[in-house]
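Trainee: can't give you the sequence, but here's the structure:
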């Protein structure tokens, strides 16, 4: 993952315009890095339904930009 948008490099494709990307927020009851206000961003997730059978799951990333084989352009 990167702090630099990859759209120019990858023909308008980057994690920042992928429909699988979600924002991961903190919670005051968490411990460690995940502890914080619910309005505070912790990072980003790539929501991939087929990773865990029967459960929606996400892979955590600390950067908004990057590229992977799961990219699906947001409309």
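Mentor: Looks like it arrived, so ask away. Since this is a predicted model, take the numbers as computed values, not measurements.
Trainee: which residue packs closest to the residue of the chain most remote from its centre, ignoring adjacent ones?
Mentor: Residue farthest from the centre of the chain, counting by C-alpha atoms, centre = their mean, is residue 29 at 21.7 Å. Leaving aside its chain neighbours, residue 29 sits nearest to residue 35 (7.8 Å; criterion: C-beta to C-beta, 6 or more residues apart in numbering). (Each C-beta comes from the backbone N, C-alpha and C, glycine too.)
Trainee: ok, residue 68 next?
Mentor: Nearest in space to residue 68, with sequence neighbours left out and distances taken as C-beta to C-beta, 6+ apart, is residue 46 at 6.9 Å.
Trainee: which element, helix or strand, includes the one you found?
Mentor: Using DSSP states H and E, residue 46 maps to strand 41-47.
Trainee: could you list the paired strands of that strand along with their orientation?
Mentor: strand 21-25 (antiparallel), strand 58-61 (antiparallel) (DSSP bridges).
Trainee: for this structure, give me the ranges with low pLDDT.
Mentor: Applying pLDDT under 70 to the chain flags residues 1.
Trainee: one more time with 50
Mentor: Residue ranges of the chain with pLDDT under 50: none are present.
Trainee: please report how far the residue nearest to residue 29 lies from residue 59.
Mentor: As for residue 35, its distance to residue 59 is 21 Å (criterion: C-beta to C-beta, to the nearest Å).
Trainee: next, count neighbours for the closest residue to residue 25 other than its chain neighbours.
Mentor: Once flanking residues are discounted, residue 25 sits nearest to residue 38: 5.6 Å by C-beta to C-beta, 6+ apart. Residues lying near residue 38 (other C-beta atoms under 10 Å) number 8.
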